[in-house]
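*Asks:* below is the sequence, then the predicted model.
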Amino acid sequence: PTGGRTAAAARAYARRGQRMAGQGDPLAGSAGPAAGRIPFVLLVMTLLVGGLVATLWLSTAATADSYRLAAAQQQTTSLSEQGQRLQREVAATAAAPALAAAARQLGMVPVDQVARLVVEPDGEITVVGTPTPARAPAPPPVQAGEQAQPPPPVQAAAGAG
């Protein structure tokens, strides 16, 4: 080794000298490292823009889904309320007073004595009570100037009393 330096040290000093000589001219030697960075920078920027676009798309999709969910919940609530209302109407219509009023509107009259069928454990059927036909009340008297209307047909309402 010459001058007390090893060959590796001499090469390192030579490279250092070349770099220092290149600092004086800003255009000299700068094309090499910058040219290698341009594709990397473009890749990173492309990834960032793609990530931003994906985030905006997902956010928009989530917002649209939340609006659809709110509309479906509102429709479910409305249909549930309608179902409950219909159930109340059916329960009110099936009650004994409502059935008796509907029977009277149809011209049915209650039976005084109701006969019942009792099924014994051995399968034999027994009639309890004496069945009697229902008697319709007398129609109201016809006043002068009114036309007499025929009475409604008489039907026995089973169990109405």
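*Replies:* Noted; the coordinates are in hand. Residues are numbered from 1 along each chain as shown.

*Asks:* from the contact counts, what lies against whichever strand or helix holds residue 46?
*Replies:* Using DSSP states H and E, residue 46 falls within helix 31-94. Applying 3 or more Cβ pairs under 8 Å, 6 or more residues apart in numbering; DSSP states H and E, one finds that helix 31-94 makes contact with helix 96-105. Where you see a C-beta, it was placed from the backbone N, CA and C, and this is true even at glycine.

*Asks:* how about the helix it packs on as CSV, C-alpha atoms only?
*Replies:* Coordinates of each C-alpha in helix 96-105 appear next as CSV, following Å, rounded to 0.1, in the frame of the first residue of the first chain:
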residue,chain,number,x,y,z
ALA,A,96,-119.5,-11.6,21.8
PRO,A,97,-121.2,-8.2,21.8
ALA,A,98,-120.0,-7.5,18.3
LEU,A,99,-121.2,-10.9,17.0
ALA,A,100,-124.6,-10.4,18.7
ALA,A,101,-125.0,-7.0,17.0
ALA,A,102,-124.0,-8.4,13.6
ALA,A,103,-126.5,-11.2,14.1
ARG,A,104,-129.3,-8.7,14.9
GLN,A,105,-128.4,-6.7,11.7
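
*Asks:* show me the shaky parts of this protein.
*Replies:* 1-3, 22-34, 145-161 (pLDDT under 70).

*Asks:* what residue is smack in the middle of it?
*Replies:* residue 72 (4.2 Å; Cα atoms, centre = their mean).

*Asks:* let me see the contact set for it.
*Replies:* Counting by Cβ atoms under 8 Å, 6 or more residues apart in numbering, residue 72 touches no other residue.

*Asks:* which of the three states applies to the residue lying closest to residue 137 once chain neighbours are set aside?
*Replies:* What sits nearest to residue 137 in space, not counting adjacent residues and going by Cβ to Cβ, 6 or more residues apart in numbering, is residue 109, at 7.2 Å. The three-state assignment at residue 109 reads strand, by DSSP: H, G, I helix; E, B strand; the rest coil.

*Asks:* how much space between residue 109 and residue 136?
*Replies:* 5 Å (Cβ to Cβ, to the nearest Å).

*Asks:* again with residue 68
*Replies:* For residue 68, the distance to residue 136 - Cβ to Cβ - is 61 Å.
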